[in-house]
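Peer 1: Below are the sequence and a predicted model for it; my questions follow.
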Amino acid sequence: MDKKLALYICSGCGIGEAVNIEKISNIAKNAQRIPVVKSHFALCAQEGVDLIKADMANEGVNTIIIAACSNRVKTDVFNFPGCIVERVAVRELALWLLEAPEDIQLAAEDYIKMGIIKAQKSELPEPYIMETVKNILVIGGGITGMTAALKCADMGYNVVLVEKEAQLGGFVNKLYKQIPTTLPYKEPLIVDTDIQSMIKTVESHPKIKVYKSSKVEKTEGQPGAFDVTITTNGSSEVVKIGTIVLAAGWKPYDATKLEHLGYGQFKDVVTSIEFEEIAKKNNGKIIRPSDGKPAKKVAFIQCAGSRDPNHLPYCSAMCCATSLKQARYVRQDDSACAMIFYKDIRTPGRTEYYYKEAQNDAGVMLTKADVTGISDAGNGNLYVEAENTLLGEKIKVEADLVVLAVGVVPATADDPIINLQYRQGLGLPDLDLYNGFADSNFICFQYETRRTGIYAAGCVRQPMNMSEAVEDATGAALKAIQCAEHVAKGQAVHPRAWDLTYPDPFMQKCTACKRCTEECPFGAIDEDEKGTPYFKPNRCRRCATCMGACPERIISFKDYHVDMIGTMLKNVSVPSEDDNPRLIVLVCENDAYPALDSAAFAKIKIDRAVRFVQLRCLGSTNLVWIADALSRGVDGMLLLGCKYGENYQCHFAKGSELANYRLGKVQETLGRLQLEAERVQMVQLAIDEYNQVPKIISDFVERVKEIGPNPFKGF
Amino acid sequence: MAEQAETSLCRVVVVGGGFSGLTAAVDAAETGAEVVIVEKNPYLGGRVAQLNKYFPKMCPPMCGLEINFRRIKTNPLVTYHVASEIESISGKEGDFTVSIVKKPTFVNDNCVSCNACVDVCPVERANDFNFGLDKTKAIYLPFNQAMPFKYVIDTAVCKGASCAKCVEACKYNAIDLNMKPEKITIKANSVVLATGWNPYDATKMDNLSFGKVKNVITNMMMERLSSVNGPTAGQIKRPSDGKVVNNIAFVQCAGSRDENHLEFCSYICCMASLKQAQYIREQNPDSKVTIYYIDIRTPGKYEQFYWKVKEDANIQFIKGKVAKIEQASGDDVEVEAEDMASLKKIKTTHDMVVLATGMQPSGATLKVQGFKYTDEGFGIEDKGLYVAGCSKNPMDVSKSAQDATGAAMNALTSGQRR
């Protein structure tokens, strides 16, 4: 595109009074050769927008720099499709954060100059379009997988459903009865499952192809163009897949590890799963394994393995309600009683009503207890030994059958399941953070993992009950469809779902150092046979971490590249006086920058030494920027990014952490310039910590002042 | 009332612009649907905008809201109406007619958030965003990171044309004291109800003395007292005298799991109190915390969050229901409870007491015409009418996000079947 630039400087919100607009206009016209430079008292008003639109129509202006307020406000107003639009936050960064008139003027000049450079070096995006398919692969044919499959198929998408067992239905198949799915919880408190009719619907659905006794052997490629090898009884088939719902479910915790609860030692100690099988096989009659006699006093031990640092360090969420349900099986025989020993009864939300119904039944005894052991009562029965109960300090209760409410272990705990042929590994990363579950680190974005186009649902993601699993599957189905649609258009997915750019490496200059392939948080870059990086753009989330990692600086986006930011930094003014340092602060646009905006709005003043530059993510920080700026006399650089560590807040998972990791190596860069590594620092700043901004800045200014002025100043 | 005809056919109307509504809206829009959000408050973000941190990560809610706001700003398929309510929903799945009434905020889109109006406004009002713990002017910005970033006039206290100082101060003609309600009618294939929840009215629990005994606050007030953008700039000080809180008690199930109040478990309160215990422990190393509970309910991965808090020797857990709260000397608060383990009656005294008040679905107090509700006030789904988040069941933010994405899927499927 032949660019025609125009600079519009707003004089509203006090900018006109504080800033010499004429001076800036003249610099822009004469030094930076901007053909159209105009000012208006309220650019965001209709008249201001009309002024810009008239220049687009009459002057052919297509690259617009708006020097006014933050790009986080009036976004809808300054929306000119087909044009490059650059916003310069003169109001927030110069007028509101600074105090002295000369500082405001100088900052406004710097920020506008940087905005012009950014616009000059930006191009309109051209999406990466490749041939894609929109078929959805669902791994797992339990209630979660079948729900996801039906949702996608009903929306018109072709679904491939892979189930490892010979039949669909998963754990629900094993159930004798289930808790009613609709309220209120009144008799009958146990109802038949509907799983057979669901299986029938799935198997007869024209849009769903079912593979039973099958596994995903490998998944190659990228969203929109996955080649998935499905193995059935030894024979393999490759299927083209767009996106994937991972609904591989769970298995019960291995009860043989629960010797202290008598499992394996006593025949009449069974798991909750085995208890279901007993009830199902005998059509509701509870027959104990040792002698085939009906069980009349059944003890349920909650948290068998769960909430236990030696076993499962989490609550399995479903077991309290399951035992309350199984107590109903026992109570189908009026003369039988059920005893539930719990740490806490956890029936959150309206499952509380189900608990309450049990409390109203005299044949269901409930007590808080720490079960210490199971022993032989000598008469063919067992003793449950417990302490800290509501019935007394130490108790011994006789039972003729003991049920261990065993916990949930996700299928991904010891099997990658999806078998991704990615350089970074076969499974979803970070599973150890979530005890093996294919969970998300993001509270707000539950389906976001570090593998694009793969969405986990059901008990493989978190322990949950059946109705929660159905809801979860419904959401995952949407995410899978959304991703398939986006990649078909060459559009990114969350968190930059609007983005049409993609990383475009200049491969002739690649040295195959592999930093990009190692650092990409999303495993988007593989290597070919020769070890050369091979970009898979549909896996990419556009954080530009690869751009930051690349020592050859060859990875670029149309509107974001190393040269663009580098040139901006090189053009920041550097005061000549020794006691007046210049510091550049690189700011994450997602969290730290909004915090700055809030500080500005609160009219919190900061040190005049700093200039802020927004980055997509701190992960995109290329060390050459630091060399560029410091070799021009800038005294120090500060990076403001998201919290990292196990509770990381970076929307790209690893960006801020990688920026910090790279800074560990900055001495290498600065050593060549004979500069101190302390001149560069990273500080973690959350979006709500805007009140800390002035202190972070002034502390850093002080530190840099102690080091002394940059010897390159004035060169 | 001014009538505005809007004939364009949108596919999904989302009632409620809190976390569930925003999630349903952006997820539906990013899958290609046209979406209209209708929010009662003059800002988006709902209940989570008032929270200081999320459990278990102790991260700020604005972080996720900011991303969702950006998803809205960059997506032409999403429009939103704040200070708006549903007047009626008629028709059937695939062909609903939704009438929306947009209440006047008296500030138009010319507003640049320069704050000149606030500087001249002579009238103050209790700040509802901060549960009355501080004041704003009659013209105010709902909070410092509000979306839209635009002022609002509270007509209940504004002196109107007789004053009009703000009108004079505004250089951008952004204030229009004659603004009238506006009616908007749109066609939709489906509607998602995501109207969220309100804290259960703590004054209804006579024995817990909220509003009668000084320094008894609710957990939502505690969020505001801990927030940097709250009434105390994040310093936890008690309301009566501003004393730094050293010794605090949390009363769990305040109104929840109680047949006289909310019969269900409100899901979030255990985690919320564990989180708030950390607020105070982090601010004040000598502080002491007592938590009165029936069961500690930290399902799934939240268990480890519980363990972390339990490790702190300055946090004491007592299984027992609180019977009575009374004023002690020097504005302190006395809590009387029965310890269920020892079966003994105990009394403890604290600087401040937080009632972990439950989550009452908004449908208990305000029903959206066109939807059916349970006795508790939870929305009931029907063909083309879906319910997401806390208007459907008590749940936390992460479950709301997940549930809302599911609701978006159902809403889109409705469109497909049309």
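Peer 2: Here it is on my side, so go on. Residues are numbered from 1 along each chain as shown, chains lettered A, B, ... in the order given.
Peer 1: State the distance from the residue in the stretch 51-200 of chain A that chain B sits nearest to to B:I296.
Peer 2: Nearest to chain B, among the residues of the stretch 51-200 of chain A, is A:T75, at 4.2 Å (CB to the nearest CB). For glycine as for every other residue, the C-beta is placed from the backbone atoms N, C-alpha and C. Distance from A:T75 to B:I296, counting by CB to CB, to the nearest Å: 44 Å.
Peer 1: who has more neighbours, these two?
Peer 2: Per other CB atoms under 10 Å in any protein chain shown, whichever of A:T75 and B:I296 has more neighbours is B:I296, with 21 against 16.
Peer 1: tell me which element the more buried one falls in.
Peer 2: B:I296 belongs to no helix or strand when assigned by DSSP states H and E.
Peer 1: That one: what's it in contact with?
Peer 2: A:D344, B:C270, B:Y306, B:F317 (CB atoms under 8 Å, 6 or more residues apart in numbering or on different chains).
Peer 1: repeat that for 10 Å
Peer 2: A:343-344, A:346, B:252, B:270-271, B:273-274, B:302-303, B:306, B:309-310, B:317, B:319 (CB atoms under 10 Å, 6 or more residues apart in numbering or on different chains).
Peer 1: among those residues, which are in strands?
Peer 2: B:Q252, B:F317, B:K319 (DSSP state E).
Peer 1: can you put the residues you listed in JSON lines and add pLDDT, neighbour count and distance to chain A?
Peer 2: As requested, the ones in strands among the contacts of B:I296 are exported to JSON lines (pLDDT from 0 to 100; neighbours: other CB atoms under 10 Å in any protein chain shown; distance: CB to the nearest CB, whole Å):
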{"residue": "B:Q252", "pLDDT": "98", "neighbour count": "29", "distance to chain A": "11"}
{"residue": "B:F317", "pLDDT": "96", "neighbour count": "18", "distance to chain A": "11"}
{"residue": "B:K319", "pLDDT": "94", "neighbour count": "21", "distance to chain A": "7"}
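Peer 1: Find the nearest non-adjacent residue to the closest residue to chain A within the stretch 1-150 of chain B, please.
Peer 2: The nearest approach of the stretch 1-150 of chain B to chain A comes at B:G64, 2.9 Å away (CB to the nearest CB). Of all residues not flanking B:G64 in the chain, A:C444 sits nearest, at 2.9 Å (CB to CB, 6 or more residues apart in numbering or on different chains).
Peer 1: quick one: contacts for whichever residue of the stretch 551-700 of chain A sits closest to chain B?
Peer 2: As assessed by CB to the nearest CB, chain B sits closest to A:D688 within the stretch 551-700 of chain A, at 3.8 Å. Taking CB under 10 Å, 6+ apart, we find A:D688 in contact with A:591, A:594-595, A:598, B:52-53, B:59-63, B:144-145, B:227-229, B:234.
Peer 1: now swap in A:R582 and tell me
Peer 2: If you count contacts by CB under 10 Å, 6+ apart, then A:R582 has A:110, A:572-575, A:608-611, A:629, A:632-636, A:704, A:709-710, A:713 around it.
Peer 1: and chain B, what are its domains?
Peer 2: Domain assignment for chain B by automatic domain parsing gives B:9-103+B:181-197+B:360-417, B:116-169, B:201-357.
Peer 1: what's the most buried one of those domains?
Peer 2: Mean neighbour count (mean count of other CB atoms under 10 Å in any protein chain shown) peaks for domain B:9-103+B:181-197+B:360-417 among the domains of chain B, with a mean of 23.
Peer 1: low-confidence ranges in the chain?
Peer 2: Went with chain A since none was named. Counting by pLDDT under 70, chain A contains low-confidence residues at A:715.
Peer 1: look at chain B instead
Peer 2: B:1-10, B:415-418.
Peer 1: what's around whatever residue of the stretch 301-450 of chain A ends up closest to chain B, how many residues?
Peer 2: For the stretch 301-450 of chain A and chain B, the shortest gap (CB to the nearest CB) falls at A:C444, measuring 2.9 Å. The tally of other residues near A:C444 (other CB under 10 Å) stands at 25.
Peer 1: re earlier: and the contacts of A:R582, which of them are buried?
Peer 2: Neighbour-count burial (16 or more other CB atoms under 10 Å in any protein chain shown) applied to those gives A:110, A:572, A:574-575, A:608-611, A:629, A:632-636, A:704, A:709-710, A:713.
Peer 1: which ones among the contacts of A:R582 are found in helices?
Peer 2: Among those, the residues falling in helices (DSSP state H) are A:D110, A:A629, A:V704.
Peer 1: how about the last one, what does it touch?
Peer 2: A:V704 makes contact with A:581-583, A:609, A:634-638, A:676, A:678-681, A:710, according to CB under 10 Å, 6+ apart.
Peer 1: on that earlier part again, identify the residue nearest the residue of the stretch 551-700 of chain A closest to chain B in space, chain neighbours excluded?
Peer 2: A:D688 sits nearest to B:P60 (CB to CB, 6+ apart), 3.8 Å away.
Peer 1: Touching, the one you found and A:Q649? I think so.
Peer 2: Yes: with contact defined as CB atoms under 10 Å, B:P60 counts as touching A:Q649 (8.1 Å).
Peer 1: Could you pull out the residues contacting both of these two?
Peer 2: With CB under 10 Å, 6+ apart, B:P60 and A:Q649 have common neighbours A:D591, A:K643, A:A686, A:I687.
Peer 1: For A:G141, state which of these is nearest.
Peer 2: A:K643 (39.3 Å; CB to CB).
Peer 1: Give me the neighbour count for the closest one.
Peer 2: Around A:K643 there are 20 residues (other CB under 10 Å).
Peer 1: So what pairs up with B:Q327 in the strands?
Peer 2: B:Q327 forms beta bridges with B:V333, as assigned by DSSP bridges.
Peer 1: let me redo that: A:I64
Peer 2: A:A6, A:V85.
Peer 1: how much space between it and B:T74?
Peer 2: 17 Å.
Peer 1: Mind telling me which residue is nearest the centre of the chain?
Peer 2: Using chain A. Nearest residue to the geometric centre of chain A (CA atoms, centre = their mean): A:E448, 3.8 Å.
Peer 1: wrong chain, I was asking about chain B
Peer 2: B:R47 (1.9 Å).
Peer 1: Quick one: classify that residue as helix, strand or coil.
Peer 2: helix (DSSP: H, G, I helix; E, B strand; the rest coil).
Peer 1: residues contacting it?
Peer 2: B:18-20, B:41, B:61, B:196-199, B:220, B:223, B:359, B:362, B:389-390, B:397, B:400.
Peer 1: Just those residues: which are in strands?
Peer 2: Using DSSP E, these in strands are B:W197, B:N198, B:P199, B:M359.
Peer 1: will you turn the residues you listed into CSV that also has distance to B:C121?
Peer 2: CSV is the format used below for the ones in strands among the contacts of B:R47 (distance: CB to CB, whole Å):
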residue, distance to B:C121
B:W197, 32
B:N198, 28
B:P199, 29
B:M359, 35
